[in-house]
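# Sharing a model that was predicted from the sequence below.
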Amino acid sequence: MGVSTAVVGKEYPATSYEVGLEKIREYANAVGQAEPVHHDRGAARAAGFRDVVAPPMFAVVYSAPALGPAILDPEVGIDFAAMVHGGQEFVWGEPVCAGDEITTRARVREIYQRDDKGFYVFESVSTNQHGDEVVRGTWTNIVRGV
C-alpha cells in the first residue's frame, strides 16, 4: 500500500488565539507550574515579562487547532485506527504572555515510510501580534501497517 508524499509542503489556513490571563493560570495549575510568574502580574513584570507568562507547553493550547485540519486532511491519508503518537519537538522564541494574539500556521513537512510504518511529520509556526516567532513545533504521527 505505502504512503503518498504528494501533499508534502501543503499549508493550511492560519488560526488565531488570544491568550487570556485566566487560561494561563488554569493551565499552570493543571500542570503543576506554581511559579509566581505564571499567576501574578507583579511577579511576572518584576521578572522582566510584559505580563503573566505562559508555561512553555502552553504552546499546545494555541498551536494544536492549526494542526487539526492538516492531520484530518483526507489527502494526507492517515489511518487513525493504526496511528500512534510519534513525538513532539518545540523550539521556543519570544515568551507568550497574557494579552498576546498568537497566529499559528501549519504545513505537512515530511511523509515517509520505514519498514511497515508511515511517518507523518507536521510543522507549526506560531507568531505573536508583533510578528515575533514564539514557537516552532514538529509533530510526528506514526501509522502502523502501511
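Yep, it's here.
# and the residue lying closest to Pro36 once chain neighbours are set aside, which of the three is it?
Nearest residue to Pro36, sequence neighbours excluded (C-beta to C-beta, 6 or more residues apart in numbering): Ala43, at 3.5 Å. Glycine gets a C-beta too; all of them are placed from N, C-alpha and C. State at Ala43, reduced to three classes by DSSP: H, G, I helix; E, B strand; the rest coil: helix.
# burial measure for Ala43, as a count.
Counted by other C-beta atoms under 10 Å, the residues lying close to Ala43 total 15.
# Just the pLDDT for it.
pLDDT for Ala43: 98.
# wait, doesn't it sit right on Val37?
Yes. Counting by C-beta atoms under 8 Å, Ala43 does reach Val37; the two are 5.4 Å apart.
# So what does Gly87 look like in phi/psi?
Note on Gly87: backbone dihedrals following degrees, to the nearest 10 are phi 150, psi 170.
# So in terms of bridging, what pairs with it?
Thr140 (DSSP bridges).
# Stretch 78-97: which residues count as buried?
By 16 or more other C-beta atoms under 10 Å, the buried positions in stretch 78-97 come out as Ile78, Phe90, Glu94, Pro95, Val96, Cys97.
# that's a helix at the second one, yeah?
This means Phe90. No. Using three-state DSSP, the assignment for Phe90 is strand, not a helix.
# so the closest residue to Asp73 other than its chain neighbours is in which element?
Once flanking residues are discounted, Asp73 sits nearest to Val7: 7.1 Å by C-beta to C-beta, 6+ apart. Here Val7 sits in a region with no helix or strand, counting by DSSP states H and E.
# Can you give me the buried ones in the lengthiest helix in the chain?
Taking DSSP state H as the criterion, the chain has its longest helix at helix 59-72. Residues Ala59, Val60, Val61, Tyr62, Ser63, Ala64, Ala66, Leu67, Ala70, Ile71 are the ones in helix 59-72 that count as buried (16+ other C-beta under 10 Å).
# can you put these in TSV and add pLDDT and distance to Gly118?
Below are the buried residues of helix 59-72 laid out as TSV (pLDDT from 0 to 100; distance: C-beta to C-beta, whole Å):
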residue	pLDDT	distance to Gly118
Ala59	97	25
Val60	95	23
Val61	96	28
Tyr62	97	28
Ser63	96	23
Ala64	93	21
Ala66	97	22
Leu67	95	17
Ala70	96	15
Ile71	95	13
